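# can you look at this prediction? I've put the sequence above it.
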Amino acid sequence: MSTAELKVPVDGEGFLVDRDDWSEEIAAALARGDGFELTRQVRDFINQARAMYEQDGVVPPLRIFAKKQGVTTKDLYEIFKKGPMKLICKWGGLPKPTGCV
């Protein structure tokens, strides 16, 4: 399913307009729209980022997120290729991280 098929409003960069629209199905559709199939590990990263956002009210910085996940920033870049936190947040229905252009 694409985001169009799911009828979910997204902004110009593909981030959800309304965080409450998020679901695992939406996450998978957003990732597929970026040419990426979600793995269990990526789903775990998304869920952890969502939990951190709920707890702290902000998107976690990449270094802090990596440390709490027990991985390096290099590991995250190997999985996501570019902008790990941007993609995790996009697919996780979270706001665009600060510092992302």
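Cool, got the structure. Residues are numbered from 1 along each chain as shown.

# okay, now the unreliable bits of the chain?
Scanning the chain for pLDDT under 70 picks out the ranges 1-6, 99-101.

# could you pull out the helices for it?
Applying DSSP state H to the chain gives helices spanning 3-6, 24-33, 40-56, 62-69, 73-80, 84-91.

# quick one, which of the ones you listed is packed in tightest?
Highest mean neighbour count among those (mean count of other C-beta atoms under 10 Å): helix 84-91, with a mean of 25. To be clear about C-beta, it is placed using only N, CA and C from the backbone, and glycine gets the same treatment.

# ok, the residue nearest in space to the middle of the chain - contacts?
For the chain, the residue nearest the mean C-alpha position is residue 88 (2.0 Å; C-alpha atoms, centre = their mean). Residues in contact with residue 88 (C-beta atoms under 8 Å, 6 or more residues apart in numbering) are 42, 45-46, 49, 65, 80, 94.

# cool, and residue 95?
Here residue 95 is in contact with 15, 19, 59, 89 (C-beta under 8 Å, 6+ apart).

# just checking, the last one touches residue 83?
No: taking C-beta atoms under 8 Å as the contact criterion, residue 89 and residue 83 are not neighbours in contact, 9.3 Å apart.

# distance of residue 8 from residue 94?
Residue 8 is 14 Å from residue 94, where distance means C-beta to C-beta, to the nearest Å.

# give me the more crowded residue out of these two.
Taking other C-beta atoms under 10 Å, residue 8 and residue 94 do not tie; residue 94 has more neighbours (24 against 20).

# if we can go back for a sec, would you list the contacts of residue 88 in a markdown table and tack on distance to residue 31?
Formatted as a markdown table, the contacts of residue 88 follow (distance: C-beta to C-beta, whole Å):
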| residue | distance to residue 31 |
| --- | --- |
| 42 | 8 |
| 45 | 12 |
| 46 | 9 |
| 49 | 14 |
| 65 | 18 |
| 80 | 10 |
| 94 | 14 |
